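*Asks:* no FASTA, just this:
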(Lines give C-alpha, C1' and ligand atoms only; values in the text may rest on other atoms or scores of the structure.)
Protein backbone atom coordinates (compact mmCIF):
# COMPACT_ATOMS: atom_id res chain seq x y z
CA UNK A 1 0.00 0.00 0.00
CA UNK A 2 2.97 2.33 0.60
CA UNK A 3 4.03 1.91 -3.04
CA UNK A 4 0.54 2.82 -4.21
CA UNK A 5 0.41 5.80 -1.86
CA UNK A 6 3.84 7.03 -2.96
CA UNK A 7 2.81 6.73 -6.60
CA UNK A 8 -0.25 8.87 -5.96
CA UNK A 9 1.78 11.53 -4.17
CA UNK A 10 4.48 11.56 -6.86
CA UNK A 11 1.86 12.09 -9.57
CA UNK A 12 0.67 15.18 -7.72
CA UNK A 13 4.20 16.37 -7.04
CA UNK A 14 3.63 16.06 -3.30
CA UNK A 15 5.85 13.22 -2.14
CA UNK A 16 8.58 15.37 -0.53
CA UNK A 17 5.96 17.41 1.33
CA UNK A 18 3.70 14.69 2.66
CA UNK A 19 6.15 12.87 4.94
CA UNK A 20 5.41 13.00 8.63
CA UNK A 21 7.77 15.36 10.38
CA UNK A 22 8.19 12.83 13.21
CA UNK A 23 9.11 9.96 10.90
CA UNK A 24 12.17 7.92 11.80
CA UNK A 25 15.45 8.24 9.87
CA UNK A 26 14.68 4.98 8.12
CA UNK A 27 11.38 6.30 6.86
CA UNK A 28 12.91 9.63 5.85
CA UNK A 29 15.62 7.91 3.84
CA UNK A 30 13.05 5.71 2.11
CA UNK A 31 10.72 8.66 1.47
CA UNK A 32 7.72 6.90 3.00
CA UNK A 33 5.41 7.51 5.91
CA UNK A 34 5.18 4.83 8.59
CA UNK A 35 2.47 2.23 8.12
CA UNK A 36 -0.38 2.78 10.55
CA UNK A 37 -1.25 -0.35 12.49
CA UNK A 38 -4.54 -0.92 14.33
CA UNK A 39 -4.19 -0.58 18.10
CA UNK A 40 -6.37 -0.54 21.17
CA UNK A 41 -7.52 2.86 22.37
CA UNK A 42 -5.11 3.06 25.30
CA UNK A 43 -2.05 2.68 23.06
CA UNK A 44 -2.93 5.50 20.68
CA UNK A 45 -1.75 8.59 22.62
CA UNK A 46 1.90 7.54 22.41
CA UNK A 47 1.63 7.38 18.61
CA UNK A 48 0.13 10.84 18.23
CA UNK A 49 1.61 14.34 18.01
CA UNK A 50 1.66 16.21 21.30
CA UNK A 51 -1.90 16.89 22.43
CA UNK A 52 -3.35 18.93 25.29
CA UNK A 53 -4.97 15.73 26.66
CA UNK A 54 -4.83 12.00 25.84
CA UNK A 55 -6.92 10.66 22.98
CA UNK A 56 -8.99 8.54 25.35
CA UNK A 57 -10.00 11.65 27.31
CA UNK A 58 -10.68 13.65 24.16
CA UNK A 59 -12.82 10.88 22.69
CA UNK A 60 -14.70 10.55 25.96
CA UNK A 61 -15.35 14.28 26.09
CA UNK A 62 -16.39 14.36 22.43
CA UNK A 63 -18.81 11.49 22.90
CA UNK A 64 -20.37 13.02 26.01
CA UNK A 65 -20.49 16.67 24.89
CA UNK A 66 -24.06 17.99 24.67
CA UNK A 67 -25.37 19.49 21.46
CA UNK A 68 -24.69 23.23 21.49
CA UNK A 69 -27.41 25.75 20.83
CA UNK A 70 -26.84 26.01 17.14
CA UNK A 71 -28.33 29.30 15.91
CA UNK A 72 -30.43 32.18 17.31
CA UNK A 73 -34.16 31.76 16.76
CA UNK A 74 -34.40 34.84 14.54
CA UNK A 75 -31.62 33.78 12.17
CA UNK A 76 -32.35 32.86 8.51
CA UNK A 77 -31.69 29.20 9.42
CA UNK A 78 -34.89 29.22 11.45
CA UNK A 79 -36.82 29.55 8.16
CA UNK A 80 -35.53 26.22 6.83
CA UNK A 81 -37.39 23.15 8.14
CA UNK A 82 -35.85 19.87 7.03
CA UNK A 83 -35.79 17.77 10.19
CA UNK A 84 -38.16 15.08 8.92
CA UNK A 85 -36.97 14.82 5.29
CA UNK A 86 -35.48 11.66 3.80
CA UNK A 87 -32.51 11.79 1.41
CA UNK A 88 -34.45 12.33 -1.81
CA UNK A 89 -36.68 14.99 -0.26
CA UNK A 90 -33.68 16.71 1.31
CA UNK A 91 -31.72 16.89 -1.93
CA UNK A 92 -34.78 18.19 -3.79
CA UNK A 93 -35.22 20.89 -1.14
CA UNK A 94 -31.54 21.88 -1.41
CA UNK A 95 -31.76 22.16 -5.20
CA UNK A 96 -34.78 24.47 -4.97
CA UNK A 97 -33.61 26.45 -1.92
CA UNK A 98 -33.98 30.24 -1.87
CA UNK A 99 -33.16 30.84 1.81
CA UNK A 100 -30.29 33.25 1.03
CA UNK A 101 -29.01 35.39 -1.81
CA UNK A 102 -26.64 32.74 -3.16
CA UNK A 103 -29.57 31.13 -4.98
CA UNK A 104 -29.83 34.08 -7.38
CA UNK A 105 -26.51 33.50 -9.14
CA UNK A 106 -26.06 29.74 -8.92
CA UNK A 107 -26.40 27.41 -11.89
CA UNK A 108 -27.35 24.59 -9.54
CA UNK A 109 -27.09 23.73 -5.88
CA UNK A 110 -24.62 21.03 -4.82
CA UNK A 111 -26.04 18.80 -2.07
CA UNK A 112 -23.11 16.38 -1.66
CA UNK A 113 -21.94 12.99 -2.84
CA UNK A 114 -20.88 9.63 -1.46
CA UNK A 115 -21.86 6.78 0.82
CA UNK A 116 -24.99 7.76 2.73
CA UNK A 117 -24.04 5.44 5.60
CA UNK A 118 -20.36 6.43 5.70
CA UNK A 119 -18.13 6.38 8.78
CA UNK A 120 -16.21 9.36 7.34
CA UNK A 121 -17.78 12.75 6.58
CA UNK A 122 -15.63 15.44 4.94
CA UNK A 123 -17.13 18.93 4.94
CA UNK A 124 -15.73 21.72 2.78
CA UNK A 125 -16.62 25.37 2.34
CA UNK A 126 -18.81 25.69 -0.74
CA UNK A 127 -18.98 24.87 -4.45
CA UNK A 128 -16.62 26.47 -6.93
CA UNK A 129 -17.24 27.21 -10.61
CA UNK A 130 -16.76 23.63 -11.81
CA UNK A 131 -18.87 22.24 -8.97
CA UNK A 132 -21.60 24.75 -9.85
CA UNK A 133 -21.52 23.46 -13.44
CA UNK A 134 -21.56 19.75 -12.58
CA UNK A 135 -23.56 19.66 -9.36
CA UNK A 136 -20.96 17.63 -7.42
CA UNK A 137 -18.56 18.84 -4.71
CA UNK A 138 -14.79 18.81 -5.13
CA UNK A 139 -14.52 17.99 -8.84
CA UNK A 140 -11.93 20.61 -9.88
CA UNK A 141 -8.24 20.77 -9.08
CA UNK A 142 -8.97 20.91 -5.34
CA UNK A 143 -11.16 17.84 -5.78
CA UNK A 144 -8.34 15.91 -7.40
CA UNK A 145 -6.11 16.81 -4.49
CA UNK A 146 -8.81 15.72 -2.03
CA UNK A 147 -9.09 12.37 -3.82
CA UNK A 148 -5.34 11.88 -3.42
CA UNK A 149 -5.51 12.93 0.23
CA UNK A 150 -8.17 10.26 0.76
CA UNK A 151 -6.13 7.66 -1.11
CA UNK A 152 -3.09 8.42 1.07
CA UNK A 153 -4.99 7.00 4.07
CA UNK A 154 -6.62 4.19 2.07
CA UNK A 155 -9.97 5.92 1.55
CA UNK A 156 -11.88 6.47 -1.67
CA UNK A 157 -14.64 8.85 -2.68
CA UNK A 158 -17.98 7.07 -2.37
CA UNK A 159 -16.66 4.14 -0.33
CA UNK A 160 -17.39 4.70 3.37
CA UNK A 161 -16.87 8.42 2.64
CA UNK A 162 -19.41 11.20 2.17
CA UNK A 163 -18.32 14.64 0.91
CA UNK A 164 -20.38 17.80 1.35
CA UNK A 165 -20.06 21.53 1.90
CA UNK A 166 -21.11 24.04 4.53
CA UNK A 167 -23.03 26.00 1.88
CA UNK A 168 -24.65 24.29 -1.07
CA UNK A 169 -24.55 27.16 -3.62
CA UNK A 170 -21.50 28.85 -5.10
CA UNK A 171 -20.59 32.21 -3.54
CA UNK A 172 -19.88 34.79 -6.27
CA UNK A 173 -16.25 34.81 -7.42
CA UNK A 174 -15.61 31.89 -5.01
CA UNK A 175 -15.52 34.26 -2.06
CA UNK A 176 -15.81 32.94 1.50
CA UNK A 177 -19.47 32.49 2.50
CA UNK A 178 -20.60 35.00 5.08
CA UNK A 179 -22.17 34.25 8.46
CA UNK A 180 -25.75 34.70 7.24
CA UNK A 181 -25.18 32.31 4.32
CA UNK A 182 -23.57 29.68 6.54
CA UNK A 183 -26.44 30.02 8.99
CA UNK A 184 -29.13 29.79 6.30
CA UNK A 185 -27.60 26.61 4.86
CA UNK A 186 -26.72 24.94 8.14
CA UNK A 187 -30.00 22.99 8.59
CA UNK A 188 -29.21 21.07 5.39
CA UNK A 189 -25.81 20.02 6.69
CA UNK A 190 -27.35 19.23 10.06
CA UNK A 191 -29.93 16.94 8.45
CA UNK A 192 -27.26 15.23 6.33
CA UNK A 193 -25.29 14.44 9.48
CA UNK A 194 -28.44 13.05 11.13
CA UNK A 195 -29.05 10.77 8.14
CA UNK A 196 -25.43 9.65 7.66
CA UNK A 197 -24.58 9.23 11.36
CA UNK A 198 -20.80 9.30 10.68
CA UNK A 199 -18.25 8.14 13.23
CA UNK A 200 -15.94 11.06 12.43
CA UNK A 201 -16.23 14.45 10.71
CA UNK A 202 -13.25 16.15 9.05
CA UNK A 203 -13.76 19.90 8.57
CA UNK A 204 -11.83 21.19 5.57
CA UNK A 205 -11.07 24.84 6.20
CA UNK A 206 -12.20 27.56 8.59
CA UNK A 207 -15.77 28.20 7.29
CA UNK A 208 -16.64 24.49 7.52
CA UNK A 209 -15.15 24.26 11.01
CA UNK A 210 -17.00 27.36 12.22
CA UNK A 211 -20.31 26.13 10.76
CA UNK A 212 -19.95 22.77 12.52
CA UNK A 213 -18.59 24.04 15.84
CA UNK A 214 -20.48 27.35 16.03
CA UNK A 215 -17.40 29.22 17.22
CA UNK A 216 -14.45 31.18 15.86
CA UNK A 217 -11.73 28.84 14.61
CA UNK A 218 -8.12 29.35 13.56
CA UNK A 219 -6.89 26.32 11.67
CA UNK A 220 -3.33 26.54 12.97
CA UNK A 221 -4.50 26.48 16.59
CA UNK A 222 -7.21 23.87 15.98
CA UNK A 223 -5.03 21.26 14.29
CA UNK A 224 -4.29 18.10 16.22
CA UNK A 225 -7.25 18.56 18.58
CA UNK A 226 -10.57 16.76 18.84
CA UNK A 227 -13.68 18.88 18.82
CA UNK A 228 -17.23 17.59 18.79
CA UNK A 229 -20.46 18.06 16.93
CA UNK A 230 -22.94 16.62 19.41
CA UNK A 231 -21.51 13.17 20.12
CA UNK A 232 -19.44 13.02 16.90
CA UNK A 233 -15.71 13.83 17.04
CA UNK A 234 -14.57 16.57 14.64
CA UNK A 235 -11.05 17.10 13.29
CA UNK A 236 -10.05 20.37 11.62
CA UNK A 237 -7.54 20.67 8.78
CA UNK A 238 -6.80 22.82 5.74
CA UNK A 239 -9.04 23.04 2.68
CA UNK A 240 -7.48 21.47 -0.45
CA UNK A 241 -7.82 24.76 -2.36
CA UNK A 242 -5.73 26.45 0.34
CA UNK A 243 -3.11 23.69 0.07
CA UNK A 244 -2.79 24.28 -3.67
CA UNK A 245 -1.76 27.88 -2.87
CA UNK A 246 0.38 27.03 0.17
CA UNK A 247 2.43 23.96 -0.72
CA UNK A 248 4.47 23.70 2.53
CA UNK A 249 1.26 23.20 4.55
CA UNK A 250 0.60 19.92 2.75
CA UNK A 251 2.93 18.29 5.26
CA UNK A 252 0.70 19.56 8.07
CA UNK A 253 -2.40 18.26 6.28
CA UNK A 254 -0.72 14.85 6.00
CA UNK A 255 -0.19 14.85 9.75
CA UNK A 256 -3.85 15.77 10.23
CA UNK A 257 -4.96 12.89 8.02
CA UNK A 258 -2.83 10.46 10.01
CA UNK A 259 -4.34 11.85 13.21
CA UNK A 260 -7.81 11.35 11.72
CA UNK A 261 -7.03 7.77 10.80
CA UNK A 262 -5.67 6.99 14.25
CA UNK A 263 -8.78 8.56 15.76
CA UNK A 264 -11.01 6.39 13.58
CA UNK A 265 -9.07 3.29 14.61
CA UNK A 266 -9.57 4.31 18.23
CA UNK A 267 -13.30 4.81 17.75
CA UNK A 268 -13.67 1.40 16.12
CA UNK A 269 -11.57 -0.25 18.81
CA UNK A 270 -13.67 1.35 21.51
CA UNK A 271 -16.83 0.17 19.77
CA UNK A 272 -15.50 -3.41 19.63
CA UNK A 273 -14.73 -3.30 23.35
CA UNK A 274 -18.17 -1.91 24.14
CA UNK A 275 -19.96 -4.39 21.90
CA UNK A 276 -17.88 -7.58 21.62
CA UNK A 277 -18.93 -10.07 18.97
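*Replies:* Yep, it's here. All values reported here derive from a predicted model rather than from experimental measurement.
*Asks:* wait, what's in contact with residue 94?
*Replies:* Residue 94 is in contact with 109, 111, 168, 188, counting by C-beta atoms under 8 Å, 6 or more residues apart in numbering. C-beta: built from backbone N, CA, C; applies to glycine.
*Asks:* Find the residue closest to it in space, skipping its chain neighbours.
*Replies:* In this structure, residue 94 finds its nearest non-sequential neighbour in residue 111, 4.5 Å apart by C-beta to C-beta, 6 or more residues apart in numbering.
*Asks:* Look up how far residue 213 lies from the one you found.
*Replies:* To residue 213, residue 111 is 22 Å away according to C-beta to C-beta, to the nearest Å.
*Asks:* beta partners for the nearest residue to residue 155 once chain neighbours are set aside?
*Replies:* Ranked by C-beta to C-beta, 6+ apart and with sequence neighbours excluded, the top spatial neighbour of residue 155 is residue 161, at 5.4 Å. In this structure, residue 161 bridges to residue 120 when assessed by DSSP bridges.
*Asks:* going forward can the numbers begin at 458, since that is how I track them
*Replies:* Let's use 458 as the start, then, which means that last one is residue 618.
*Asks:* First-to-last residue distance for stretch 579-586?
*Replies:* Terminal residues of stretch 579-586 lie 20 Å apart, using C-alpha to C-alpha, to the nearest Å.
*Asks:* Repeat that for stretch 540-559.
*Replies:* Its first and final residues considered, stretch 540-559 spans 22 Å by C-alpha to C-alpha.
*Asks:* buried stuff in it?
*Replies:* For stretch 540-559, the neighbour count (16 or more other C-beta atoms under 10 Å) marks 542, 547-548, 550-551, 554, 556-557, 559 as buried.
*Asks:* In a markdown table: those, plus secondary structure.
*Replies:* Formatted as a markdown table, the buried residues of stretch 540-559 follow (DSSP: H, G, I helix; E, B strand; the rest coil):
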| residue | secondary structure |
| --- | --- |
| 542 | coil |
| 547 | helix |
| 548 | helix |
| 550 | helix |
| 551 | helix |
| 554 | coil |
| 556 | coil |
| 557 | coil |
| 559 | helix |
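*Asks:* so which pair among those is furthest apart in space?
*Replies:* Of all pairs drawn from the buried residues of stretch 540-559, the widest gap by C-beta to C-beta lies between 542 and 559 and measures 20.2 Å.
*Asks:* if we can go back for a sec, restricted to strands, list the contacts of residue 551.
*Replies:* When DSSP state E is applied, the contacts of residue 551 are split such that none fall in strands.
*Asks:* Nearest residue to residue 645 in space, ignoring adjacent ones along the chain?
*Replies:* Looking at residue 645 with C-beta to C-beta, 6+ apart, the closest residue is residue 551, at 5.4 Å.
*Asks:* Could you check the pLDDT of the one you found?
*Replies:* You'll see residue 551 listed with a pLDDT of 96.
*Asks:* ok, now residue 509?
*Replies:* Looking at residue 509, the pLDDT reads 40.
*Asks:* Likewise for residue 584?
*Replies:* 94.
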